[in-house]
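# What would the 3D arrangement of this be:
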Amino acid sequence: MKQITFLSQNVRGVKTDARIVELCHVMKKRNAIAACLQETWRKGQEVLDFEQYRLISSGLNEATCRRGSQGVAICLNPDGVDAWNAAGLETHSDLGPRVLAIRLLLRDKHNRDVGVFLVSAYAPVGNAPEHTWNEFLIYLTTCLNRKRNDDILVIGCDCNSSMGVNRSKESGPLGNFGISHVNDSGKSRVESCYDVFQKEEIRHMDASS
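As a prediction, this is how the structure comes out:
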């Protein structure tokens, strides 16, 4: 399987066709098969086509402010659209306006199927009420539990947290690059990421044993 590029970006609104077309042009320039988007500010569930690209979005049913708020989406290039079709158009858009997932079915260099469970998520701000965070985490956990055991998990998320960096050579959810500052919300998100990372690491160890 050739190198696959995924993008993730808080877009601060993609409510116009012009903004979506601009996004498609960026994806083409970056040769990205998919882009996970946060804060789309779009309403409801949609599947829209733009120049052979496809936007799958999930947002609030009714706007809570004039500008719009929340909303997540996944934009696919033509290869991504083919991979989504190959996976039977599997979509998980019943997880509120902050979590969305789809499944892609790709082929490796040996022509074997490789499933990718692609998630776009938008976390509440760090000082959001506890019930708002709990709702988000419940939906995210529900989403991750739907992933097939053999699928590769890819999450594009605006965590709204300062999670720091990991300068050591130990593998984990944090890397060398980024801002070293860590806040309370960031500590919680890192713990959540480690839980996911350890489960995925164990799965790969089992698969290779």
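# alpha carbons only for contacts and neighbour counts from here, please
OK.
# any idea how the protein splits into domains?
With the TED database as the criterion, the domains of the chain are listed as 6-157, 161-208.
# got the ones you listed as JSON lines, with mean pLDDT and mean neighbour count columns?
Converted to JSON lines, the domains of the chain look like this (pLDDT from 0 to 100; neighbours: other C-alpha atoms under 10 Å):
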{"stretch": "domain 6-157", "mean pLDDT": "92", "mean neighbour count": "18"}
{"stretch": "domain 161-208", "mean pLDDT": "63", "mean neighbour count": "14"}
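# contacting residues around the residue positioned nearest the centre of the chain?
Central residue of the chain (C-alpha atoms, centre = their mean): Ser120, 2.3 Å from the mean position. Ser120 sits next to 8, 36-38, 72-74, 98-101, 155-157 when contact means C-alpha atoms under 8 Å, 6 or more residues apart in numbering.
# What of Val154?
Contacts for Val154 (C-alpha under 8 Å, 6+ apart) come out as 116-119.
# Show me the residues you listed that map onto strands.
Among the contacts of Val154, DSSP state E puts 116-119 in strands.
# could I get the residues you listed as a markdown table with distance to Gly59?
A markdown table is the format used below for the ones in strands among the contacts of Val154 (distance: C-alpha to C-alpha, whole Å):
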| residue | distance to Gly59 |
| --- | --- |
| Val116 | 23 |
| Phe117 | 20 |
| Leu118 | 17 |
| Val119 | 14 |
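# Check which helix or strand Lys28 maps to.
Using DSSP states H and E, the element containing Lys28 is helix 17-30.
# helices and strands around that helix, which ones?
Secondary-structure packing of helix 17-30 (3 or more C-alpha pairs under 8 Å, 6 or more residues apart in numbering; DSSP states H and E): strand 45-50.
# Can you name the residues in contact with the strand it packs on?
Residues contacting strand 45-50 (C-alpha under 8 Å, 6+ apart): 20-21, 24, 54-59, 93.
# and of the residues you listed, the nearest to Phe177?
Distance to Phe177 across the contacts of strand 45-50 (C-alpha to C-alpha) is lowest for Cys24, with 26.8 Å.
# quick one: contacts for that closest one?
In this structure, Cys24 makes contact with 50, 53, 75, 77, judged by C-alpha under 8 Å, 6+ apart.
# try Gln9
35-38, 156, 158.
# Output these as TSV; include the columns secondary structure.
Output for the contacts of Gln9, formatted as TSV (DSSP: H, G, I helix; E, B strand; the rest coil):
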residue	secondary structure
Ala35	strand
Cys36	strand
Leu37	strand
Gln38	strand
Gly156	strand
Asp158	strand
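# And those residues, which is closest to Ser180?
Closest to Ser180, out of all of the contacts of Gln9 and judged by C-alpha to C-alpha, is Asp158, at 17.0 Å.
# The closest one: neighbour count?
As a burial measure, Asp158 scores 20 neighbours (other C-alpha atoms under 10 Å).
# now for the helix or strand hosting Thr142, which elements pack on it?
Assigned by DSSP H and E, Thr142 belongs to helix 130-144. Helices and strands touching helix 130-144, by 3+ C-alpha pairs under 8 Å, 6+ apart, are strand 99-107.
# bridging residues for Val99?
Val99 forms beta bridges with Ala121, as assigned by DSSP bridges.
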